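Engineer: build me a structure from this.
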Amino acid sequence: MSSPLNVVILAAGKGTRMKSDLPKVLHPLAGQPLLGHVLSAADTLSPEKICVVYGHGGEALPQAIGRDELAWAKQEPQLGTGHAVQQAVPHLDPEAICLILYGDVPLTRPETLREMTLIAREGAIALLTVRLANPAGYGRIVRNARGQVERIVEQKDASPEELAIDEVNTGILCLPVAKLAGWLARLGNNNAQGEYYLTDVIGMAAAEGEKIIPCHPAAEWEVLGINSRQQLAQLERMHQHNVAEALMVQGVTLIDPARLDVRGTLECGRDVLIDVNCVFEGAVTLGDGVKIGANCVLKNVSLAAGVVLQPFCHLDGAKVGADARIGPFSRLRPGTELAEETHIGNFVEIKNSQVGFNSKISHLSYVGDATVGRKVNIGAGTITCNYDGANKFRTVIEDGAFIGSDTQLVAPVTVGQGATIGAGTTLTKDAPAGQLTLSRAKQLTLPGWQRPVKKK
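Structural biologist: Take a look at the predicted model:
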């Protein structure tokens, strides 16, 4: 039976260079907190326990993450990475292996971490290192004459010869909990920063003859941390680049891969086309042949096959049937369900409404809390007056109805099947099926009337 896996995530840093009241690990990347990305990667490994070490931000951090199954260990004061892991040890299983991650290193691939756990389960220490053209600021990996890892020296404690080493420590390692606890108990702080370094554990392990196996990420961006707004923006673009590359490999056409933002999950069918400056939030699904125009925002949306979304549309919590046409400048709010072949035009807003097959709402209208049947035509400037200032009411428009322009439907009201509502009507009572209903003031012309003129 393989050893159970425990994960420790260090997330106590203040993030001074972020110049923010928000804890650094709660700053969003691709719509998710930095710590959320690290937790998602850890979850793919199915660990028996995850312990997050926190400090700055206090209880705001556990509250923001909102996962009751996590163990939380507070580091106060912050005395270094070794001291941070010491706070987590009481929460760990002595029989487990421990994977140590960082809450501000959001893009490490699960495949890289899985390789490290396999090494640790075979009794060795897995250490993630990377070679950098500019290693400044990182701890250097010092090897012996046989090429074995001997120790890690921090930048401020390194000699000129050690500073010339380009292989650096990422801080991510995996090793047995029992051995880790023993080494942590022996840590000292006799160094330039007066801190308890987790990196000293590697020197202790090497001195005791432990097998240390360096692992390497597939790409440098996997191990980049975030300490400033600039670095956050850089990793955001790197992440979006990776998402865009994956989509194109799947067969999605991106007019400009550099102008795409996916802040959640985006699932695409065959022959999907996405124009520039589109944002996808939450869970978005696009069926075969869907075309998304420029400058659209979609959040928690499902578009069936053949849907065409014209530019400048905003969809949130909507479900759209096959071959529908939407936009430009349309807004679909939560609870909107459009059937097949519906047409929703420019400056139309729909909220919490169902629109039936081949119905059309083409111009400058608001439809809220309504049930619209099949093959209904709703004219320009139509409003469902669904709110009386205290309560919401529903409008029902049955199959084949025709609603003239500039109509107000004062809910609760029903328009019968095949009914016609004359332009300019304010409908306060049910309109019978198959008949024309209208309400208009009598038109008058006043002979001799003159427009007032401004007095001098």
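
Engineer: quick check: which ranges of the stretch 301-450 of the chain have low pLDDT?
Structural biologist: Counting by pLDDT under 70, the stretch 301-450 of the chain contains no low-confidence segment.

Engineer: so where do the helices sit in the protein?
Structural biologist: Secondary structure of the chain (DSSP state H): helices at 34-43, 60-65, 81-88, 110-121, 160-163, 177-185, 200-207, 229-250.

Engineer: I'd like the ones you listed laid out as TSV, including mean neighbour count, distance to residue 415 and mean pLDDT.
Structural biologist: Where you see a C-beta, it was placed from the backbone N, CA and C, and this is true even at glycine. Shown next, in TSV, are the helices of the chain (neighbours: other Cβ atoms under 10 Å; distance: least, Cβ to Cβ, whole Å; pLDDT from 0 to 100):
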stretch	mean neighbour count	distance to residue 415	mean pLDDT
helix 34-43	21	47	98
helix 60-65	16	47	91
helix 81-88	23	64	96
helix 110-121	18	54	97
helix 160-163	11	79	94
helix 177-185	17	69	96
helix 200-207	20	74	95
helix 229-250	15	43	97
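
Engineer: could you dump these into JSON lines with distance to residue 409 added?
Structural biologist: Formatted as JSON lines, those follow (distance: least, Cβ to Cβ, whole Å):
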{"stretch": "helix 34-43", "distance to residue 409": "43"}
{"stretch": "helix 60-65", "distance to residue 409": "43"}
{"stretch": "helix 81-88", "distance to residue 409": "61"}
{"stretch": "helix 110-121", "distance to residue 409": "52"}
{"stretch": "helix 160-163", "distance to residue 409": "75"}
{"stretch": "helix 177-185", "distance to residue 409": "66"}
{"stretch": "helix 200-207", "distance to residue 409": "71"}
{"stretch": "helix 229-250", "distance to residue 409": "42"}
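
Engineer: of all those, which one is nearest residue 22?
Structural biologist: helix 60-65 (8.4 Å; Cβ to Cβ).

Engineer: run through who's touching that closest one.
Structural biologist: 11, 23, 25-26, 33, 35-36, 39, 52, 54, 70, 72 (Cβ atoms under 8 Å, 6 or more residues apart in numbering).

Engineer: again with stretch 265-283
Structural biologist: Taking Cβ under 8 Å, 6+ apart as the rule, stretch 265-283 contacts 31, 243, 247, 250-256, 259-264, 284-301, 305, 311.

Engineer: can you flag which of these belong to strands?
Structural biologist: Members of the contacts of stretch 265-283 lying in strands (criterion: DSSP state E): 253-254, 260-264, 284-286, 291-292, 297-299.

Engineer: before we move on, back to that, among the contacts of stretch 265-283, the buried ones, what's the ChimeraX command?
Structural biologist: Entered in ChimeraX, the line below selects the buried ones among those, by 16 or more other Cβ atoms under 10 Å:
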select :31,243,247,252,254,259,260,261,262,263,264,284,285,286,287,289,290,291,292,293,294,295,296,297,298,299,300,301,305,311
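
Engineer: with distance to residue 369 as extra columns, can I get the contacts of helix 60-65 in a markdown table?
Structural biologist: As requested, these are exported to a markdown table (distance: Cβ to Cβ, whole Å):
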| residue | distance to residue 369 |
| --- | --- |
| 11 | 43 |
| 23 | 40 |
| 25 | 41 |
| 26 | 36 |
| 33 | 34 |
| 35 | 39 |
| 36 | 34 |
| 39 | 38 |
| 52 | 43 |
| 54 | 43 |
| 70 | 40 |
| 72 | 43 |
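
Engineer: from these, which is closest to residue 339?
Structural biologist: Using Cβ to Cβ, the contacts of helix 60-65 come closest to residue 339 at residue 36, 35.7 Å.

Engineer: the closest one and residue 174, how far apart?
Structural biologist: Look at residue 36 and residue 174: by Cβ to Cβ, to the nearest Å, they are 21 Å apart.

Engineer: equivalent analysis for residue 76, please.
Structural biologist: In terms of Cβ to Cβ, residue 76 sits 26 Å off from residue 174.

Engineer: show me which of these two is the more surrounded one.
Structural biologist: Neighbours per residue (other Cβ atoms under 10 Å) separate residue 76 from residue 174, with residue 174 holding more: 27 against 11.
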